[in-house]
Structures are given as C-alpha cells and as structure tokens.
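**Student:** coordinates for the following, if possible.
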Amino acid sequence: MIPDKVLSMLGLAAKAGRLVSGEYQTERAVKSGQAQLVFVAEDASKNTKKLFRNMCEFYKTELVFYGSRESLGVSIGKEYRASVAITDRGLAEAVRKKLALKITE
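**Tutor:** Prediction:
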C-alpha cells in the first residue's frame, strides 16, 4: 500500500490536538470559526455531504471530499469517521499543499 501523505498529515494534526472529528465536533468547529479545513469522506451519506457542503459554503470554510470513512478514522487513530476538521491554520496550509501535489501527480 502506498502511504497517503494527506492522511498522514491528518494523523499529525490529531496527535498535535489540532483536529476534531465526528459530525458534531466538526460542525461545532465550523460554526465557531475554528475549522480551517474540513474533510468529509467520499463514502459519507448524501445527507452528510449536503450538510457540510452547505455549512462550509455559508461559513466560508474550505471543504474537501477525500478518502473513505475507514481511512479518515484509521489515519487519526479512531474508528470510522465521516468528517474531520483541522483547526490550526499552519497545518491546514501544509495539508492544502499535499492535496495540490496529489492532484498534479
């Protein structure tokens, strides 16, 4: 299996205490303005995707559909997670760079 640098960065953010996970915590981070970058699993339900798409658009927070619920959860040392949010600006910028590299590969 090829290591996924984006998921590795999510793990680092979690260890640093700069990541929240789960629908309720992610929603709270977006609404309070703490969320810098939100990830929603590609295999999340349509309702979850719509909820976060609308919320992130309203609160002007960047949203990325990435990975599976399992891969998001495992990357942060938890069970399945449909949504996570990075709350640190510097870490969010580093993850954006990794995402840009992944798109160009």
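**Student:** contacts and neighbour counts: CA atoms only from here.
**Tutor:** Noted.
**Student:** got a list of contacts for the helix or strand containing C56?
**Tutor:** Here C56, judged by DSSP states H and E, is contained in helix 46-59. Contact partners of helix 46-59, identified using Cα atoms under 8 Å, 6 or more residues apart in numbering, comprise 27, 30-31, 33, 40, 62-63.
**Student:** could you do stretch 14-23 as well?
**Tutor:** 10, 13, 26, 29, 76, 81-88.
**Student:** which members of those residues are positioned in strands?
**Tutor:** Taking DSSP state E, the ones among the contacts of stretch 14-23 that sit in strands are 83-86.
**Student:** buried sites along stretch 91-105?
**Tutor:** Within stretch 91-105, the residues that qualify as buried are 91-92, 95-96, 98, counting by 16 or more other Cα atoms under 10 Å.
**Student:** now swap in stretch 73-86 and tell me
**Tutor:** Residues 73, 75-76, 80-86 are the ones in stretch 73-86 that count as buried (16+ other Cα under 10 Å).
**Student:** first-to-last residue distance for it?
**Tutor:** The first and final residues of stretch 73-86 sit 14 Å from each other (Cα to Cα, to the nearest Å).
**Student:** for stretch 61-80, same thing?
**Tutor:** In stretch 61-80, first residue to last residue: 23 Å (Cα to Cα).
**Student:** now stretch 62-71
**Tutor:** By Cα to Cα, one end of stretch 62-71 lies 20 Å from the other end.
**Student:** so how far is that stretch from its chain's centroid?
**Tutor:** In terms of Cα atoms, centre = their mean, to the nearest Å, the gap separating the centre of stretch 62-71 from the centre of its chain is 6 Å.
**Student:** tell me which residues in it are buried?
**Tutor:** So for stretch 62-71, counting by 16+ other Cα under 10 Å, buried means 62-69, 71.
**Student:** turn those into JSON lines, columns for distance to F52 and secondary structure.
**Tutor:** Shown next, in JSON lines, are those (distance: Cα to Cα, whole Å; DSSP: H, G, I helix; E, B strand; the rest coil):
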{"residue": "E62", "distance to F52": "10", "secondary structure": "strand"}
{"residue": "L63", "distance to F52": "8", "secondary structure": "strand"}
{"residue": "V64", "distance to F52": "10", "secondary structure": "strand"}
{"residue": "F65", "distance to F52": "10", "secondary structure": "strand"}
{"residue": "Y66", "distance to F52": "13", "secondary structure": "coil"}
{"residue": "G67", "distance to F52": "16", "secondary structure": "coil"}
{"residue": "S68", "distance to F52": "16", "secondary structure": "coil"}
{"residue": "R69", "distance to F52": "15", "secondary structure": "helix"}
{"residue": "S71", "distance to F52": "19", "secondary structure": "helix"}
